[in-house]
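Enquirer: build the 3D model from these lines:
(one chain, ligands or ions: 1)
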Amino acid sequence: MMGKQYDLVIIGAGPGGYVAAKKAAKLGMSVVIIDKGEVGGTCINRGCIPTKALIHTATLYRDMVECGKFGLFAEKVGFDLRKIYEYKDLSIVKMQDELKREFSELGITSVRGTATVQSDKRVRVALPDGGTGYSDCDRGKGAYGGYSGNGSPGSHDQRGIADGKEKQVSKPFDSWRRRNRN
Ligand SMILES: Cc1cc2nc3c(=O)[nH]c(=O)nc-3n(C[C@H](O)[C@H](O)[C@H](O)COP(=O)(O)OP(=O)(O)OC[C@H]3O[C@@H](n4cnc5c(N)ncnc54)[C@H](O)[C@@H]3O)c2cc1C
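Expert: Sure, this is the predicted structure:
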């Protein structure tokens, strides 16, 4: 897996990385995609997918509450926050699994680790077990995503700009939880 020569090394398995990986593999290139986190990047793990799962749930709840105007009746409309979160988490896992299946079918090598570009033909990877790997390539693509400008992903910069990790979808529920603790 590591230490092998690839046509293309991609750093970052978010939409920017995985779309490129699939396209390149379909064109016949040997591809390795490296991510320090779960495959899917911000979109699948913290962004588009979990927010849409929660919005879908909230929309259903509103429709159930307001269904009388359509001539429908729903008694005891309520919600279970734990189950709502389970549904959100399941949506993430389903998308990750689908992506892993596609990588496998297309022969794309997926590696978990933090990548550093060493030269235009070599990427160094710090592996989760503390080891180090190298991937040699003809071409490389960086798809690291974006984060706020203070160099510290997950924190506000001085202008109060937050990155994708800061806007985790659990945040809107924190104030609700505090209000309804008892
Ligand atoms: C709450 C929220 C909701 C959103 N909803 C939508 C939506 O509905 N529709 C939409 O189009 N967009 C939406 N977005 C935006 C969307 O998530 C991003 O545009 C998209 O994820 C960007 O893709 P990317 O591949 O460029 O970056 P990312 O998805 O951020 O992926 C970058 C990846 O690179 C990895 N990485 C970074 N550095 C390294 C390194 N040195 N070594 C290894 N890996 C590394 C990271 O771990 C990450 O997985 C939303 C974003 C948020 C925060």
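Enquirer: C-alpha only now, for contacts and for neighbours.
Expert: Fine.
Enquirer: and the gap between the most far-flung residue of the chain relative to its centre and the ligand?
Expert: What lies farthest from the middle of the chain is residue 71; by Cα atoms, centre = their mean that is 40.4 Å. As for residue 71, its distance to the ligand is 32 Å (criterion: Cα to the nearest ligand atom, to the nearest Å).
Enquirer: how far away from the center of its chain is the longest helix along the chain?
Expert: Taking DSSP state H as the assignment, the helix of the chain that covers the most residues is helix 81-106. Helix 81-106 sits 10 Å away from the centroid of its parent chain (Cα atoms, centre = their mean, to the nearest Å).
Enquirer: who in this structure is up against the ligand?
Expert: Within the chain, the residues that sit near the ligand (Cα under 6 Å from any ligand atom) are 11-17, 34-37, 41-43, 47-48, 51, 113-116, 143-146, 164, 167.
Enquirer: how about a cut-off of 5 Å?
Expert: 12, 14-16, 35-37, 41-43, 47-48, 114-115, 144-145, 164 (Cα under 5 Å from any ligand atom).
Enquirer: which among the residues you listed end up buried?
Expert: Buried subset of those (neighbour count, 16 or more other Cα atoms under 10 Å): 12, 14-16, 35-37, 41-43, 47, 114-115, 144, 164.
Enquirer: which pair in the residues you listed spans the largest distance?
Expert: Largest separation among those by Cα to Cα: 47 and 115, giving 22.3 Å.
Enquirer: let me see the ranges of the strands in this structure.
Expert: 5-11, 31-35, 109-112, 114-119, 122-126, 132-142 (DSSP state E).
Enquirer: which ones among the buried ones among the residues of the chain next to the ligand map onto helices?
Expert: Those of these lying in helices (DSSP H): 15, 16, 41, 42, 43.
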